[in-house]
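> fold the stuff below for me.
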Amino acid sequence: MLTVGAAPLSWGVFEGDARANPAWAVVLDEIAEAGYEQLELGPIGFLPEDPQRLKVELDTRGLSLTAGFVYEHMHDPDHYDTVLRNTRRVGEVLAALDADYLVIIDRMVPERQRTAGRSEDAIRLGSGAWDRLVTTIATVAEIAVEEFGLRPVLHPHCGTHIEFSDEIEKALTALAASQIGLCIDTGHTIVAGMQSAELASQYAERLEYFHLKDVHADALRRMRDEHLEFDDALATGLFCPLGQGIVDFKALRERISTHGFVGSATVEQDPDPQAAFASGLTAARESLAFLREIGLAAALDAHDDEIPTRQPKASGNTESAPPRKRP
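Numbering: from 1, shown residues only. Modelled structure (predicted):
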């Protein structure tokens, strides 16, 4: 069983200062209303950055902070100062609010967004740029541990330079388990041609955290057949409420049980980045109801009796798999 939280990203918050962002107070209210008790920080600058103010806002809603992320161009020396600056901005907030994880994500680039989900078409980094990528990730991980007492986890992500199985293997080989763990995103994994079960089995000793997404079969098929860019695929409904797509969460639950994994996960459901703001409340409720229904999240408490049963599943499942206990 996972301790499951929500993310501002499910409300369309992709960048902290985007004009289209909803009010942060609305997002916090709706996360609590949906039945969650924890959340990720989201992009830095969206939620109040003053830890004391944020703690008050979370406490009044019965919420706690579990993680945050650094999403920057890790391979590009022109962005190095930004990477370190934002690592410390995020780290300050997470450490002050007793969060556990810093999720490290290479930022998407246009040439890789165009080939997201299609390994055979994706251009790999040259050796020099790859070495810079790994070195920067190692530096971010070291800052997380040494300055803020956080556990860093690497998040493979569509449209980035760590997306496909060969890139994940190469990165985790270069980065020691003592430096960094693995965060599996169930949606990005499927888009990249893998099932979470397979990835979790392969890297059981590295797996420490989850981002939970589901992927609509028809949208993924269209993305591949029409060679859609990642953001264009999002606009077709690529990610759907949990249990309505092709991620096999029941198999994932079975593997978690087998491996004795105890840890946290965050539900993330990227909406269309070009759409006008729409509340993520309904999808967040449906996803949590599904996770509770299959035993991946705690069962309903008495005060949660208004959370609805999830909507019927829209498409069939494929195989999925296990995670691992945090050291």
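> going forward, measure contacts and count neighbours with C-alpha atoms only.
Will do.
> packing partners for the lengthiest strand in the chain?
When the chain is parsed with DSSP state E, its longest strand is strand 64-72. Secondary-structure packing of strand 64-72 (3 or more Cα pairs under 8 Å, 6 or more residues apart in numbering; DSSP states H and E): strand 38-40, helix 80-96, strand 101-106.
> need the next SSE after the shortest one, C-terminal direction.
Just to be clear, that refers to strand 38-40. Once strand 38-40 ends, the next helix or strand along the chain (criterion: DSSP states H and E) is helix 51-60.
> now do the helices in the stretch 101-250 of the chain.
Counting by DSSP state H, counting those that start in this stretch, the stretch 101-250 of the chain has helices at residues 110-113, 127-148, 165-174, 186-191, 196-202, 217-225, 230-235, 249-259.
> S64 touches L39, doesn't it?
Yes: between S64 and L39 there is a contact under Cα atoms under 8 Å: 6.5 Å.
> who has more neighbours, those two?
Ranked by neighbour count (other Cα atoms under 10 Å), S64 and L39 place L39 first, with 25 against 21.
> now the more buried one: how far from V27?
L39 is 11 Å from V27, where distance means Cα to Cα, to the nearest Å.
> could you do E33 as well?
According to Cα to Cα, E33 stands 10 Å off from V27.
> also R222?
For R222, the distance to V27 - Cα to Cα - is 31 Å.
> which one of those two is surrounded by more residues?
Just comparing R222 and V27: by other Cα under 10 Å the higher neighbour count belongs to V27, 22 against 14.
> got a list of what the nearest residue to that one once chain neighbours are set aside touches?
Nearest in space to V27, with sequence neighbours left out and distances taken as Cα to Cα, 6 or more residues apart in numbering, is P8 at 6.6 Å. The contact partners of P8, by Cα atoms under 8 Å, 6 or more residues apart in numbering, come to 27, 40-42.
> average model confidence for stretch 21-29?
The pLDDT scores in stretch 21-29 average 96.
> list the buried residues in that stretch.
21-22, 27-29 (16 or more other Cα atoms under 10 Å).
> among those, name the ones in strands.
Using DSSP E, none of the buried residues of stretch 21-29 sit in strands.
> tabulate the residues you listed (TSV), appending distance to D98.
TSV is the format used below for the buried residues of stretch 21-29 (distance: Cα to Cα, whole Å):
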residue	distance to D98
N21	26
P22	26
V27	21
L28	18
D29	21
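> and of the residues you listed, the nearest to E229?
N21 (22.6 Å; Cα to Cα).
> contact partners for the closest residue to that closest one other than its chain neighbours?
Nearest in space to N21, with sequence neighbours left out and distances taken as Cα to Cα, 6+ apart, is V13 at 5.7 Å. V13 makes contacts with 21-22, 42-43, 46, as judged by Cα under 8 Å, 6+ apart.
> try 10 Å this time
By Cα atoms under 10 Å, 6 or more residues apart in numbering, the contact set of V13 is 7, 19-24, 27, 42-43, 46, 270-271, 273, 277.
> ok, which pair from those residues is furthest apart?
Greatest spatial distance among these (Cα to Cα): A7 and R19, at 18.3 Å.
> who's more crowded, these two?
Neighbours per residue, other Cα under 10 Å: of A7 and R19, the larger number sits with A7, 27 against 8.
> the more buried one against E268, yeah?
Yes: between A7 and E268 there is a contact at 5.8 Å, judged by Cα atoms under 10 Å.
> shared neighbours, those two?
Taking Cα under 10 Å, 6+ apart as the contact rule, A7 and E268 both touch 40, 211, 280, 284.
> spatially nearest residue to the second one (excluding sequence neighbours)?
To tie it back to what came earlier, the one meant is H211. Per Cα to Cα, 6+ apart, closest to H211 is D185, 4.4 Å.
> count of neighbours near that neighbour?
23.
> list the contacts for it?
155-158, 196, 209-214, 265-268.
> let's go with 8 Å and repeat that
By Cα under 8 Å, 6+ apart, the contact set of D185 is 155-157, 196, 210-213.
> got it, and G237?
216, 219, 271-272.
> just the buried ones from those residues, in ChimeraX syntax?
This is how ChimeraX selects the buried members of the contacts of G237, with burial counted by 16+ other Cα under 10 Å:
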select :216,219,271,272
